[in-house]
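J.: just a sequence and a predicted model for now, questions to come.
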Amino acid sequence: MFLIRFLCLLLIPISLSWGTTLTVHDGAARYDLAGYVELYEDAENRMTLQDIMRGDVPFHATQAGDDLSLGFRNSTLWLKLVLQAPAGGSRDHWQLELAFPTLDSVTFYRMLPGGDYLTVETGDHLPFASRRIDHRNYIFPADMESVPENIAPQTFYLRIRSQGSLTLPLVLWNSQAFAQHNQVSYSGLALYFGAFIAMALYNLMLFFSLRDRVFLIYVAFVVSMAIGLSSQYGIAFQFLWPTWPVIANAAYPGGFALAGLFGVLFTRQFLETPVHLPRFDGLLQILAAMFAINVVLPFFKYQWASIFVSLTAAVFCPLALGAGIWFVRRRHYGARYYLAAWSLLLVFTSTMALRNLGWLPSNALTLNGMQIGSALEMMLLSFALAQRYNKLRLEKDQAQQEALRSNQQMLESLQHSELLLEQRVAERTTELEKANSKLQENQQLLRDMAHHDPLTGLANRLLLDIRLEHALDVARRHGSTVAIMLLDLDGFKPVNDSYGHAAGDELLVELALRMKTIVRQTDTVARLGGDEFIILLESVASEEAVISVAEKLVAALRAPVQTMSGALLQVGVSIGVTLMNSLDANREALIHRADLAMYEAKAAGGNQARFKAG
């Protein structure tokens, strides 16, 4: 053993002579160590400290300004740092900071006089208590012995191995300067994550108030992003799960994968892509599945998870950006905030992803890109949700005002009627009965006018919506089926142009009568406007039965109509048919599908019916 230590003492000066020695000065605050450390990559992962100290290991010098970001590697990295105390020895205390807390294994060797060395072994594969200094980053004591000037400088080694990104920002701190830096750093992180908590709680309260799922998804997105970021900055390992290194190791990529999953769900819910962009929504569902896989993948293949999360995010962000542009052009409420949020996150997240892959240098922007971009995104998405909240509140207020206005009008009408009745009750009881009868007739007429088309007498859109909603509820309870037919007349405009609107009105009245004679009395025929009609068939027996009704309608409406002026008019009809299925959450989806089928019939030449399944 004595011989080994003696040989080590002989070898240390030789190896030091090859490297760059940093002479520290008392009173200095910090030294960035790029340009002073030397790097060796052990591709076979077999080198020991004694092998490294032999002096024939080909260390590579780094240059000032090097980012020491090496991407993903399966090799073991050795770093060597040589420090020289000032004349008379250093009176200050120094600490070596490795500011990338997600490294799996970090072993620190401090060479001592006499050939011995101090070893500190830590990393996020070990409990947090393995760290000599309670800090979110890896901190090692780097004091230099107060020895005569002719003694060789002091050497420090770092052995690093990690399945994640190998980013190695090294700083030598004066202890006092480091304490001041910590106060600012932890205070900034406390404010940052405090803002996350505030936004999550605020939107959780909005969810309980409005029961709109998009607010709950946003809360989950914020919490997931906080998990990933707090793991990236070492806060989660230090304060949440210091004794669970397995969770600490997986929370970094897993948290961001979970945030990506809820980001996709938020996009689908907020922009309503299943309704407006169904094909794009299918792609979003694939990305959601990929993010879900990446949530659990770190527990099995950490390096794969880190790479896949970065790549999946790199695919999703441009897609979200494109969706935002599409909806902004269509003036979707909140789309501008959504677009701005994902644009900023795309820029800053891309810098971090490219830095993880070793394609960009490590600096304040690339190291904190996710922190900056996510903070801006959280704020802008919160603005988007606020706009959504204002829209919902405005719609609710308008509905309440309309109801109050209607009630007030009805109340005024009743009061007026009562006043007239009171004035006339003493005069003639018969007139009172007639007035009361007339009032009831007027009320019935108003109800009829409110729910029926004035030209054809068919149900209007308001009455259709009421009956359709009721029919869907009954169908869901009893397991029956509802069918929707959307009819658009072919060649109606030339009738108006050639024979006048009066003739066109006669034609519409006759065709409306034919429609009512073909369907059952329990079914609803409604006029949407112009030459467009919709028919609601309740409790249909089968798809074939509905198609049969549609074919009868095509034949009946194609028959000529003779007007009072003697003109013989003939038009066709394009019919879109669909049946309710279990996935139809509301009537809009059902009508939209029938509308698509009608346009298919129209595109195929018209005068026919087309069926579109759910």
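T.: Noted; the coordinates are in hand. Computed from a prediction, not measured in an experiment: that's the story for all the values here.

J.: need the pLDDT of residue 444.
T.: Note on residue 444: pLDDT of 65.

J.: revised request: answer the last question for residue 383.
T.: What the model reports as pLDDT for residue 383 is 70.

J.: that one - that's part of a helix, no?
T.: Yes - Residue 383 forms part of a helix when assessed by DSSP: H, G, I helix; E, B strand; the rest coil.

J.: these two touch, right, it and residue 336?
T.: No - in this structure, residue 383 sits apart from residue 336 without contact. The criterion is CB atoms under 8 Å, and the distance is 9.2 Å. To be clear about C-beta, it is placed using only N, CA and C from the backbone, and glycine gets the same treatment.

J.: next, name the residue at the spatial heart of this structure.
T.: For the chain, residue 263 is the residue whose C-alpha lies nearest the centre (CA atoms, centre = their mean; 1.7 Å).

J.: wait, a helix at it?
T.: Yes - following the definition three-state DSSP, residue 263 is counted among the residues of a helix.

J.: let me see the contact set for it.
T.: Residues near residue 263 by CB atoms under 8 Å, 6 or more residues apart in numbering: 221, 316, 320.

J.: what's the helix or strand for the last one?
T.: Element membership for residue 320, per DSSP states H and E: helix 302-329.

J.: residues near residue 376, how many?
T.: Residue 376 is surrounded by 17 other residues when neighbours are defined as other CB atoms under 10 Å.

J.: mind checking which helix or strand it is in?
T.: Secondary structure from DSSP H and E places residue 376 in helix 369-425.

J.: same deal with residue 187?
T.: Of the helices and strands defined by DSSP H and E, residue 187 is found in helix 175-210.

J.: ok so, going back, mind putting the contacts of residue 263 into JSON lines with neighbour count?
T.: Rendered in JSON lines, the data for those read as follows (neighbours: other CB atoms under 10 Å):
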{"residue": "221", "neighbour count": "25"}
{"residue": "316", "neighbour count": "24"}
{"residue": "320", "neighbour count": "24"}
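
J.: tabulate those (TSV), appending distance to residue 126.
T.: As requested, the contacts of residue 263 are arranged in TSV below (distance: CB to CB, whole Å):
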residue	distance to residue 126
221	31
316	34
320	38
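
J.: of these, closest to residue 291?
T.: residue 316 (7.8 Å; CB to CB).

J.: which non-adjacent residue is nearest the closest one?
T.: Leaving aside its sequence neighbours, residue 316 sits nearest to residue 287 (CB to CB, 6 or more residues apart in numbering; 5.1 Å).

J.: contacting residues for that neighbour?
T.: Residues near residue 287 by CB under 8 Å, 6+ apart: 260, 264, 312, 315-316, 319.

J.: going by neighbour count, which of those are buried?
T.: The neighbour count (16 or more other CB atoms under 10 Å) marks 260, 264, 312, 316, 319 as buried among the contacts of residue 287.

J.: how many other residues sit next to residue 104?
T.: By other CB under 10 Å, 18 other residues sit near residue 104.

J.: for the remainder of this discussion, apply numbering that starts at 21.
T.: From this message on, residue numbering opens at 21, which makes the last subject residue 124.

J.: immediately after the helix holding residue 207, which helix or strand?
T.: Beyond helix 195-230 on the C-terminal side, the first helix or strand identified by DSSP H and E is helix 233-252.

J.: restrict stretch 241-250 to CA atoms and write it as PDB.
T.: Output of stretch 241-250 as PDB, limited to C-alpha atoms (Å, rounded to 0.1, in the frame of the first residue of the first chain):
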ATOM      1  CA  PHE A 241     -51.000  20.500 -17.400                       C
ATOM      2  CA  VAL A 242     -49.600  23.000 -14.900                       C
ATOM      3  CA  VAL A 243     -48.900  20.400 -12.200                       C
ATOM      4  CA  SER A 244     -47.200  18.100 -14.700                       C
ATOM      5  CA  MET A 245     -45.000  20.900 -16.000                       C
ATOM      6  CA  ALA A 246     -44.100  21.800 -12.400                       C
ATOM      7  CA  ILE A 247     -43.100  18.200 -11.800                       C
ATOM      8  CA  GLY A 248     -40.800  18.100 -14.800                       C
ATOM      9  CA  LEU A 249     -39.300  21.500 -14.100                       C
ATOM     10  CA  SER A 250     -38.800  21.000 -10.400                       C
END
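
J.: all set, thanks.
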